[in-house]
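**Q** Here is my input, please return the structure:
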Amino acid sequence: MRFADAETVHHNLDYTYLMDALQAAHRDAPPTAEHMVCDEPGEEKISL
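**A** Model (predicted):
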């Protein structure tokens with residue numbers, strides 16, 4: 001996995017594009033799911 005420090009992120013991230021994408025995502029209805037599986041690492045149970 002590659003990590004980036006804050007300076008690298010601020011230098012490379014196009015905030016205008018990010019804000020436009022976030023606004024577009026929130027204009028539409030949220031996606032629906034028939035079911036969801038939640039599994040926590042180290043846990044012996046799964047939530048459905």
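
**Q** use CA for all of it now, contacts and neighbours both
**A** Noted.

**Q** Please identify the helix or strand for L22.
**A** Assigned by DSSP states H and E, L22 belongs to helix 15-27.

**Q** shaky segments in the chain?
**A** 43, 45-48 (pLDDT under 70).

**Q** Just give me the residue right at the centre of it.
**A** In the chain, the residue lying closest to the centroid (C-alpha atoms, centre = their mean) is L22, at 10.8 Å.

**Q** So what does N12 look like in phi/psi?
**A** The phi/psi pair for N12 (degrees, to the nearest 10) reads phi -100, psi -20.

**Q** ok, it - how many residues close by?
**A** 9 (other C-alpha atoms under 10 Å).

**Q** ok, now V37?
**A** 7.

**Q** Same question for M19.
**A** Per other C-alpha under 10 Å, the neighbour tally for M19 reads 11.

**Q** can you check A25 too?
**A** Neighbour tally, A25, other C-alpha under 10 Å: 11.

**Q** Over to Y15?
**A** Around Y15 there are 10 residues (other C-alpha under 10 Å).

**Q** And it, how close does it get to L22?
**A** Distance, Y15 to L22, using C-alpha to C-alpha, to the nearest Å: 10 Å.

**Q** Check V37 too.
**A** The value you get for V37 to L22, if C-alpha to C-alpha is used, is 25 Å.

**Q** likewise R2?
**A** Separation of R2 from L22 (C-alpha to C-alpha): 24 Å.

**Q** same deal with E34?
**A** Remark: distance between E34 and L22 (C-alpha to C-alpha) = 24 Å.

**Q** All set now, cheers.
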